[in-house]
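[1] coords please:
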Amino acid sequence: MSEVEDSFEPVLPGTAASDYERYLRTDELLALQKAPDELTHRDELLFMTVHQSSELWLKLAAFEVETAADLLGGGELAGALRLLRRAHDCMKNATVALDMLEHMSPWEYTAFVRPLLGHGSGFDSPGFRGVRRVSPLLGQAFHRLRRNADLSVVELYRQGRQHEELYQLAEALVEWDERVTLWRVRHFKVVERIIGAGAIGTQGTPVELLGKLIHNRLYPELWEVRNELTELAKKEEW
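    Now for the predicted structure:
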């Protein structure tokens, strides 16, 4: 082995062939899917890849939102906004990943893949549970800052230029709420396309319930303010 080759030998602890594989733990990561000879149906790999990668994006999204909420507690709005932009993109990636599931045949999924899930359901997703856990923390941190500035939500939006960072934060919460809703919508449409809107899920939950959850709001007051502002603008026109 030449000196140049020797200089790139792994230096991190582990048994994998390169530091890349050791740091990212690719041996363990790629062993989390069934091996080809373990697959009952070839689409299991597609199904597992989409869901496992989505769990990582949702985990990262929740991590960024929770950290952003902590930063807001210390009055660090700029840092929190930067992390929220990351979280928005995490949700975009998790949403786009669902597109891959529509490459599965409805019959082959229902007949071969679905039975392998047992009672497994998207309601059990650790990643999405994390998203739901941290979202109220973010809302609480925002409203604390708003109240400290002695502003109602309407006043904040009407005086946005005087409270730019706080206004941008409000809009970042709206986008986070929207991104979570878009994930719910995409998830519902994928399920509807594959097993049907009238079907019953693996835990006995009607698929139509997913459709109803689309209308849930994380921060309803930030959506309602749009209606209030519209009405106020109409009155001022008169």
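[2] tell me which element the residue nearest the centre of the chain is part of?
    The chain has residue 91 as the residue nearest its centroid, 3.7 Å off, counting by CA atoms, centre = their mean. Using DSSP states H and E, residue 91 maps to helix 77-97.
[3] ok, back up a step: how about the residue nearest to the residue nearest to the centre of the chain when sequence neighbours are not counted, what does it touch?
    Leaving out its chain neighbours, the residue that sits closest to residue 91 by CB to CB, 6 or more residues apart in numbering is residue 179, at 3.8 Å. Just so you know, the C-beta spots here come from the backbone N, C-alpha and C atoms, and that holds for glycine as well. Residues near residue 179 by CB atoms under 8 Å, 6 or more residues apart in numbering: 87, 88, 91, 92, 95.
[4] Measure how buried the fourth one is and give me the count.
    Applying other CB atoms under 10 Å, we find 15 residues neighbouring residue 92.
[5] Against residue 33, how distant is it?
    Per CB to CB, to the nearest Å, residue 92 is found 24 Å from residue 33.
[6] what does the first one give?
    Counting by CB to CB, the separation of residue 87 from residue 33 is 26 Å.
[7] who has more neighbours, those two?
    Per other CB under 10 Å, whichever of residue 87 and residue 33 has more neighbours is residue 87, with 27 against 16.
[8] Show the residue spans covered by the helices in this protein.
    3-6, 19-24, 26-30, 43-73, 77-97, 106-108, 126-148, 153-158, 164-195, 207-213, 220-237 (DSSP state H).
[9] Turn the ones you listed into TSV, columns for mean pLDDT and distance to residue 13.
    Output for the helices of the chain, formatted as TSV (pLDDT from 0 to 100; distance: least, CB to CB, whole Å):
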stretch	mean pLDDT	distance to residue 13
helix 3-6	58	18
helix 19-24	97	7
helix 26-30	97	13
helix 43-73	97	23
helix 77-97	98	29
helix 106-108	92	43
helix 126-148	97	28
helix 153-158	96	51
helix 164-195	95	37
helix 207-213	78	44
helix 220-237	93	47
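[10] looking at those helices, which is closest to residue 120?
    helix 43-73 (9.4 Å; CB to CB).
[11] ok now that closest one, how far from the chain's centre?
    How far helix 43-73 lies from its chain's middle: 6 Å, per CA atoms, centre = their mean, to the nearest Å.
[12] packing partners for it?
    In terms of contacts (3 or more CB pairs under 8 Å, 6 or more residues apart in numbering; DSSP states H and E), helix 43-73 is packed against helix 77-97, helix 126-148.
[13] Just name the most buried of these.
    Highest mean neighbour count among the helices and strands packed on helix 43-73 (mean count of other CB atoms under 10 Å): helix 77-97, with a mean of 19.
[14] picking up where we left off before, contacts for the helix holding residue 91?
    Here helix 77-97 makes contact (CB under 8 Å, 6+ apart) with 50, 53-54, 57-58, 60-62, 64-65, 67-69, 71-72, 127, 138, 141, 145, 165-166, 168-169, 172-173, 175-176, 179-180, 182-183, 186.
[15] run the last query once more with 6 Å
    The contact list for helix 77-97, computed with CB atoms under 6 Å, 6 or more residues apart in numbering, reads 50, 53-54, 57-58, 60-61, 64-65, 67-68, 71-72, 165, 168-169, 172, 175, 179, 182-183, 186.
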